[in-house]
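Engineer: take this sequence and fold it.
(one chain, ligands or ions: 1)
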Amino acid sequence: MTEPSIPYGRQSIDESDVDAVVRVLRSRMLTQGPEVAAFERALAAAVGSSETVVVSSGTAALHALYAALGVGPGDDVVVPANTFVATAAAAVLAGARPVIADVDPETGNLDPDSLERALARCDRPRVVAAVHFAGRPCDLDGLADLAEAAGAVLVEDACHALGSRHAGGHPVGSHPRSRATVFSFHPVKAITTGEGGAVATDDVELAARLRALRHHAVLRDGDDDSADAGAAWRYQVAGLGFNYRITDLQCALGRSQLDRLETFVESRRSAAARYDAALAERFPELAPVGDAAEPGARSAYHLYVVRILGPVASARRRRRAVFDRLRADGIGVQVHYVPLHHHPFYRDRFGASADDLPGAEDHAGRGLTLPLFVGLTADEQARVLERLRAALDVTATA
Ligand SMILES: *Cc1c(COP(=O)(O)O)cnc(C)c1O
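Structural biologist: From the prediction side, this is the model:
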């Protein structure tokens, strides 16, 4: 398939990013040097956590987090059906069973009612992973009450939500009732390091475990009863770790990008507001997932998702026809997501059933993602809307 001329998302790189990477290329250390810690400090300041641990991808961050929380065989990790497969795959990698929860059909987010129903299907709930779909923050207080009562730890998969804010203006990454927050720096996300990810937390011990897991569970200062104890070459491995290290090249890029996070979010929010205005005026058959509703909260608009209204069976047929027409016109629409329980691995291995997930079925049947990225021009947006209007008109009776 050829690349759409307007993609659904892409990175924004400028000369300051190029310079930051080139500086590291000319330095002595390409990995495990000073840029890693510098990026961690800058990121912690931006998201309002006391610690961040940066790793090689968002998926690595999720896997290391579940492992660091002690998740293992016999444990259940609750994940929403409407997410990228990594949220659940990382739980399987940690030895746990993913229990797939329903979502609010309008926001695509895990909500307290859906979580309550999912917890009732758990044997041993250990972790609840809330995904802030499209950047719109979940109701974490409601989720935290239920997770706590069930004895589970609440964490956030905020791969869509770097730069989003919870109610009261608190940055995603700083919520007092979630133990840890995961971010991704893939090129379509809010900022990029090429590939990369992070865990933000206020739990200093958890951060130390994550740093060890990132590098083969190596401990430099563990109990050492060898005759060589104290020698400079000694290190100890007391568990199973990974190579989830991220390079200084990537962290220099990440820090440079992070300097523009607020500009990036403002740019996405302005483009989203232009879509909102056009939808309200000219697209009565569409409803956007929309901005955060609580005072002080905001979406960083990782994605701009619209739902095609009407009975879901006809919305599904119409979505297919509209999608194909827009793609043929070079407009990079997408669908987020094929829900977890539609993938054979999760359906067959973990018994996820559409009957338990009516909200996710509804959302998955009618959602359509429009192009949104930093640098999307008003002209490009007008073209997206013009083609979308035309595609909806010819499919009105589909
Ligand atoms: C992107 C993403 C991930 C995985 O991040 P990678 O950096 O691509 O490994 C996990 N969860 C969600 C919701 C994502 O959007």
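Engineer: Provide a list of residues in contact with residue 71.
Structural biologist: Listed by C-beta atoms under 8 Å, 6 or more residues apart in numbering, the contact set of residue 71 reads 77, 91, 94, 95, 96, 126, 127. Every residue, glycine included, has its C-beta placed from N, CA and C.
Engineer: same deal with residue 252?
Structural biologist: Going by C-beta under 8 Å, 6+ apart, residue 252 touches 20, 21, 23, 24, 35, 39.
Engineer: torsion angles phi and psi at it?
Structural biologist: Per-residue torsions, residue 252: phi -60, psi -40 (degrees, to the nearest 10).
Engineer: for the one 3 residues further on, same thing?
Structural biologist: Note on residue 255: backbone dihedrals following degrees, to the nearest 10 are phi -70, psi -40.
Engineer: just checking, it touches residue 42?
Structural biologist: Yes - between residue 255 and residue 42 a contact is recorded at 5.2 Å, counting by C-beta atoms under 8 Å.
Engineer: what about these two, which has more around it?
Structural biologist: Neighbour count, other C-beta atoms under 10 Å: between residue 255 and residue 42, residue 255 has more, with 21 against 18.
Engineer: roughly how far apart are the residue lying closest to residue 375 once chain neighbours are set aside and the ligand?
Structural biologist: Using C-beta to C-beta, 6 or more residues apart in numbering and skipping residues adjacent in sequence, the residue nearest residue 375 is residue 12, 5.4 Å away. Distance, residue 12 to the ligand, by C-beta to the nearest ligand atom, to the nearest Å: 17 Å.
Engineer: next, count neighbours for residue 12.
Structural biologist: Residues near residue 12, counting by other C-beta under 10 Å, number 16.
Engineer: show me what residue of the stretch 251-398 of the chain gets nearest to the ligand.
Structural biologist: With C-beta to the nearest ligand atom as the measure, residue 302 is the residue of the stretch 251-398 of the chain nearest to the ligand, at 7.3 Å.
Engineer: wait, is that residue part of a strand?
Structural biologist: No - secondary structure of residue 302 (DSSP: H, G, I helix; E, B strand; the rest coil): coil, not part of a strand.
Engineer: quick check, it in contact with residue 161.
Structural biologist: Yes - Residue 302 is within contact range of residue 161, at 6.9 Å (criterion: C-beta under 8 Å).
Engineer: got the buried residues for the host helix or strand of residue 212?
Structural biologist: Residue 212 belongs to helix 204-214 when assigned by DSSP states H and E. Across helix 204-214, burial judged by 16 or more other C-beta atoms under 10 Å covers 206, 207, 209, 210, 211, 212, 213, 214.
Engineer: before we move on, back to that, out of the contacts of residue 252, the closest to the ligand would be?
Structural biologist: Among those, residue 39 lies closest to the ligand (C-beta to the nearest ligand atom), at 15.1 Å.
Engineer: residue contacts, that closest one?
Structural biologist: By C-beta under 8 Å, 6+ apart, the contact set of residue 39 is 54, 251, 252, 254, 255, 258.
Engineer: let's go with 7 Å and repeat that
Structural biologist: 54, 251, 254, 255 (C-beta atoms under 7 Å, 6 or more residues apart in numbering).
Engineer: one more: residue 384?
Structural biologist: Residue 384 sits next to 6, 331, 370, 371 when contact means C-beta under 7 Å, 6+ apart.
Engineer: so which of those are also by the ligand?
Structural biologist: Counting by C-beta under 6 Å from any ligand atom, the subset of the contacts of residue 384 that neighbours the ligand is empty.
Engineer: show me which of these are buried.
Structural biologist: By 16+ other C-beta under 10 Å, the contacts of residue 384 give 6, 331, 370, 371 as buried.
Engineer: tabulate the buried residues of helix 204-214 (a markdown table), appending distance to the ligand and pLDDT.
Structural biologist: Formatted as a markdown table, the buried residues of helix 204-214 follow (distance: C-beta to the nearest ligand atom, whole Å; pLDDT from 0 to 100):
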| residue | distance to the ligand | pLDDT |
| --- | --- | --- |
| 206 | 19 | 98 |
| 207 | 19 | 98 |
| 209 | 20 | 97 |
| 210 | 16 | 98 |
| 211 | 19 | 97 |
| 212 | 20 | 97 |
| 213 | 16 | 98 |
| 214 | 14 | 98 |
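Engineer: relative to residue 345, how far out is residue 246?
Structural biologist: 28 Å (C-beta to C-beta, to the nearest Å).
Engineer: try residue 172
Structural biologist: 29 Å.
Engineer: helices along the stretch 101-250 of the chain, start to end?
Structural biologist: Ranges of helices within the stretch 101-250 of the chain are 112-119, 140-149, 204-214, 248-258, based on DSSP state H, counting those that start in this stretch.
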